[in-house]
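J.: build me a model from this:
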Amino acid sequence: MFESHHFKDHQREARIFKFRLGVMVAVMAILFCVLIYRYYSLQVINYLEYATQSEHNRVHVEPIPPTRGIIYDRNGEVLADNRASFTLSLVVNKTMDLDATLSVLRTLVEITPADLEKFYKLKKQQIHPLEPIPLRYRLTEDEIARLAVNEYRLEGVQVDAELVRYYPYGDAFAHTIGYVSRISESDLEKFTEEQVRLYSGTHSIGKSGIEASYESELLGQVGSKNVETNARGREIRVLDRIDPTPGKNVTLNLDLKMQQQAETTLKGRRGSVVAIEVKTGAVVTAVSNPGFDPNLFVTGISFADYKALNESPETPLINRFIQGQFPSGSTIKPLMGLMGLHLGFTDVNRTISDPGYFTLAGSSHRYRDWTLASLGGGHGSVNLKKAISESCDTYFYELAWRMGVDNIHPFGNRFGLGIRTGIDIPNERIGVWPSRAWKRAKTKQPWYPGDNVSIGIGQGYVSVTPLQLGVMVATMASRGDRYRPRLVKAIDGVETKPILEDHIEIKKEYWDAVFEGMEDAVYGGGLATFRQYHLGMGADYRIAAKSGTAQVVNIAQDAKYTKGALKVNQRDHVLFVGFAPADDPKLAIAIILENDDHLKSSENPSLLARRLFDGYLRGIFVGDGPVHGFPEDKTAVAPVAPVPTETYEAPDETDDDQKPAAPSADTEPKPE
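T.: Numbering: from 1, shown residues only. Predicted structure coming up:
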């Protein structure tokens, strides 16, 4: 039996080997061709594209925010500055794990829930993908050291020294200078493409006051730098740099010492003071009290702080000198007298007999004079000068009734009543200087004779801002030149020019008669002079002025006003207008004290007016002195520097709809 034997087929094996080798060579050749093509594509065809991408991975263009312009008072005192602050920021695109990085940071520095909430809010608003997003402001030296030691664990985290807005005098200028705060979502929605570029690297924007209205001048121009980074996104070197252009410096007409004088005198009271240069319209003093610390808003105000301000019954967030609306009271009487003379409804020698009240023909309703309740009678025989100096309501009841609203309305407009003054800060309210058309639109009712009567003493529908009163008295002091009120004196040393809005041509003898009546109100010893206590005492210049009281609640026909029986917010407002020197007016002042009727001399606004006149005309500034007798302390009250805090961004301010003042009880329901 034979066994089978198998022999190798060398030829077959060689063929198989050659086939496999050929396939392998072919595959390698194809792969090599693909590699060559890819290399050619990267290095030749798409060289510029990939070179640019590679360069962007290594080199980043980062914006450099400009330094915000500084704000000064008229004498060069710094009112708004920039202070260095170390800020902890994150570049989200350079952070591999954001949550893990934040967890590490919370072990190194204090980060509150409010900080995180604001961080994520800013992250949604991010303009540039490589823009650092602030997480914590005002780091301490210990916190900076801990972050430096742990730098290797913190991808995309950086600590930068940046300039943060600072207001050294706190609430003294809160309503004039305003404040800057974080750029909000609503701000971003309004931004144009150019604004997006301008605000690259900038986190704040002017929200109110001068900071808002002169934002374009104060902001400056953004710069940029090309930065080389390593694989971890850390900056190695700066390859190229375009320096930013700093914002322009702004000098105000406001005087720091006068502002502090007014604020100190108003301490603990609600009210407003406006002082205007007669011959230029420059606003030297503008105080709204109570105020607030604007430093709270710079990096975002806490919810608790904002709630406290917003819900305070003292309403510190309202800018009273352009937004507060009050009856003008008797401060309107000199203008009504001038109006009567100019329009021919009265003359200097015309007299009336005042029994202490006025009645319309066919009506038994009595429009009472203030003397009826105080002295039990009237002023007797009254001409225009006496009517102004003794504040005779009856004279102006009768005069306003005869002139009528169709004459009163346009004349008052020319003196700044019922119109926006055009001051260079936003959100000014228009007040109410009523007309037939206005009443028809607001109340759907006709104009009544009693409405004319009430206007004569600044009651009824009349509602003015302190600034409007200031413009009115400044226009009178200049004998008919109405200038636009201006807070800004110069921008980068270039002075702004006075703007003459109107000139009212009135006979000299009419001006003289009204001014004499206003001087008599201070020096004449009449029934109203006690309201001007302190005003002219010992001054080496003459003052012309008119005080006033504005009724807040209606008093029944036979009832008597009793301060103690009313709630504080129902008590009368106290007002003052005046100018000095009387023979060559330089400064006009308007003051309104809310619910602060003048039963005590310490509540009288004439004391504050005298201090401001002395400060402006003589350079004398005093602190709070004794109530009786003019104070002799010549030292200015030192400002208290505020301590800034941060967190939470307050809502944007808006201008509320205008609300008409309620008519007084002296409105006769009988169409004219």
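
J.: going forward, measure contacts between C-alpha atoms and count neighbours the same way
T.: Will do.

J.: for Thr285, which non-adjacent residue is spatially closest?
T.: If the residues on either side of it in the chain are set aside, Thr285 comes closest to Ala275, at 4.9 Å by Cα to Cα, 6 or more residues apart in numbering.

J.: does that neighbour touch Ala262 like I think?
T.: No - with contact taken as Cα atoms under 8 Å, Ala275 and Ala262 are classed as non-touching, separated by 10.0 Å.

J.: picking up where we left off before, which residues touch the residue nearest to Thr285?
T.: Applying Cα atoms under 8 Å, 6 or more residues apart in numbering to Ala275 gives the contacts 283-286, 470, 587-590.

J.: list the buried residues of the longest helix seen in the chain.
T.: Identified as the longest helix of the chain according to DSSP state H is helix 10-40. For helix 10-40, the neighbour count (16 or more other Cα atoms under 10 Å) marks no residue as buried.

J.: how far does that helix sit from its chain's centre?
T.: 81 Å (Cα atoms, centre = their mean, to the nearest Å).

J.: taking the contacts of Ala275 together, which two end up most distant?
T.: Taking Cα to Cα as the measure, the contacts of Ala275 span a maximum distance of 13.1 Å, between Ala286 and Leu587.

J.: closest to the centroid, which residue in the protein?
T.: Gly209 (3.1 Å; Cα atoms, centre = their mean).

J.: ok, and the closest non-adjacent residue to Met213?
T.: Residue 213: Ser, not Met. Using Cα to Cα, 6+ apart, the closest residue to Ser213 is Ile425 (5.6 Å).

J.: who's in contact with that neighbour?
T.: So Ile425 contacts 176, 208-210, 212-213 (Cα under 8 Å, 6+ apart).

J.: before we move on, the earlier item: ok, now which ones touch the residue nearest to the centre of the chain?
T.: So Gly209 contacts 175-179, 425-426 (Cα under 8 Å, 6+ apart).

J.: at 10 Å what do you get?
T.: Each residue near Gly209 by Cα atoms under 10 Å, 6 or more residues apart in numbering is listed here: 173-180, 215, 319, 424-427, 487.

J.: likewise Tyr179?
T.: Tyr179 makes contact with 80, 165-167, 173, 204-212, 293-298, according to Cα under 10 Å, 6+ apart.

J.: change it to 7 Å
T.: 206-208, 211, 294, 297-298 (Cα atoms under 7 Å, 6 or more residues apart in numbering).

J.: neighbour-wise, which one of those residues leads?
T.: With neighbours set by other Cα atoms under 10 Å, the maximum within the contacts of Tyr179 is found at Pro294, which has 27 neighbours.

J.: for that one, what are its contacts?
T.: 167, 170-171, 174, 178-179.

J.: can you pull out the strands in the stretch 201-350 of the chain?
T.: Per DSSP state E, counting those that start in this stretch, the stretch 201-350 of the chain carries strands over the ranges 204-206, 223-229, 235-242, 250-252, 271-277, 283-289.

J.: what's the first one packed up against?
T.: Other helices and strands packing on strand 204-206, by 3 or more Cα pairs under 7 Å, 6 or more residues apart in numbering; DSSP states H and E, are strand 180-182.

J.: related to what we said a few turns ago, CSV please, covering the contacts of Pro294 and showing secondary structure and pLDDT.
T.: CSV is the format used below for the contacts of Pro294 (DSSP: H, G, I helix; E, B strand; the rest coil; pLDDT from 0 to 100):
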residue, secondary structure, pLDDT
Tyr167, coil, 95
Gly170, helix, 90
Asp171, helix, 90
Ala174, coil, 94
Gly178, coil, 95
Tyr179, coil, 95
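
J.: for Glu62, state which of these is nearest.
T.: Tyr179 (26.8 Å).

J.: look up phi and psi at the closest one.
T.: phi -160, psi 160 (degrees, to the nearest 10).

J.: run a quick neighbour tally on Lys497.
T.: When neighbours are counted by other Cα under 10 Å, Lys497 comes out with 13.

J.: assumed it was part of a strand.
T.: No - when DSSP: H, G, I helix; E, B strand; the rest coil is applied, Lys497 is found to be coil, with no strand at that position.

J.: find the nearest non-adjacent residue to Arg366, please.
T.: Nearest one to Arg366, counting by Cα to Cα, 6+ apart, is Thr359 at 5.1 Å.

J.: wait, I meant Ser288
T.: Ser272 (4.6 Å).

J.: tell me the buried residues in the lengthiest strand in the chain?
T.: Longest strand in the chain by number of residues (criterion: DSSP state E): strand 78-90. Neighbour counts using 16+ other Cα under 10 Å place 78-81, 85-90 of strand 78-90 among the buried residues.
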